[in-house]
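Visitor: show me the folded form of this:
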Amino acid sequence: MTTRQTARPAPWVAPAVMAAAAGGAAGLLVAVDPGVPGHYPTCPFLAVTGLYCPGCGTLRLVHQLLTGHPGAALGLNPLFMAILPFLLYAYLRWTAERVAGVRLPAIKAPPWAVRLVPVLVIAFGVARNIPLDPFTALAP
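Guide: Residues are numbered from 1 along each chain as shown. Prediction:
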C-alpha cells in the first residue's frame, strides 16, 4: 500500500497571490474612479436601508489614497483610515513569517480593547447617520 503525497505550494505563493490581487484591485481603483456613478455596485446596506454602513466610502477612500489625496480619504471613512495601518502590518507580519520565517512583533491588545472594537464600529455606523452637526462630517 502506497501513500500519495500532495505537493504543497511554496510558502511565498499565498502572499504573492494576495499581493497580485491587491495590486490588480488597486490598479482598477486608480483607473476607474468609484466616485463616478455607474462603475461599481452600490453598498447593499445603503441600497436597502438608505443608511450608511461603517464601511461606506471605503472604495472612494482607497481611490483617494492611491491618487495622493489622504485628506480627502480621511473625510470618506475615518474609521477605516484608523484601521488601515493595522491591516497592512498584519499582512506584512504574515508575509514575513511565511516567506522568510521572521516573526515580527505581534500587536497585543488587552481583552477589553478587543471587545470594544465591535462596539466602536457599531457606534461609528450609528453616528455617521445622525443628521446633525458634528455627526454629518462622518458621512461619506
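
Visitor: all contacts plus neighbour counts: C-alpha atoms, from now on.
Guide: Will do.

Visitor: what's stretch 45-59 in contact with?
Guide: The contact list for stretch 45-59 (CA atoms under 8 Å, 6 or more residues apart in numbering) reads 29, 34, 43, 76-77, 79-80, 121-122, 124-125, 128-129, 139-140.

Visitor: hmm, I was thinking of stretch 13-30
Guide: By CA under 8 Å, 6+ apart, stretch 13-30 touches 59, 62-63, 66-67, 95.

Visitor: off-centre distance for stretch 109-124?
Guide: 17 Å (CA atoms, centre = their mean, to the nearest Å).

Visitor: give me the mean pLDDT for that stretch.
Guide: Per-residue pLDDT over stretch 109-124 has a mean of 94.

Visitor: report the backbone C-alpha coordinates of it in PDB.
Guide: Provided in PDB are the C-alpha atoms of stretch 109-124 (Å, rounded to 0.1, in the frame of the first residue of the first chain):
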ATOM      1  CA  ALA A 109      -4.300  44.300  22.900                       C
ATOM      2  CA  PRO A 110      -6.000  43.700  26.200                       C
ATOM      3  CA  PRO A 111      -9.200  41.700  26.100                       C
ATOM      4  CA  TRP A 112     -11.300  44.700  26.900                       C
ATOM      5  CA  ALA A 113      -9.900  46.600  23.900                       C
ATOM      6  CA  VAL A 114     -10.700  43.600  21.600                       C
ATOM      7  CA  ARG A 115     -14.300  43.600  22.900                       C
ATOM      8  CA  LEU A 116     -14.500  47.400  22.400                       C
ATOM      9  CA  VAL A 117     -13.800  47.200  18.600                       C
ATOM     10  CA  PRO A 118     -17.300  45.900  17.600                       C
ATOM     11  CA  VAL A 119     -18.900  48.500  19.900                       C
ATOM     12  CA  LEU A 120     -16.900  51.300  18.200                       C
ATOM     13  CA  VAL A 121     -17.800  50.000  14.700                       C
ATOM     14  CA  ILE A 122     -21.500  50.000  15.600                       C
ATOM     15  CA  ALA A 123     -21.300  53.400  17.300                       C
ATOM     16  CA  PHE A 124     -19.500  54.800  14.200                       C
END
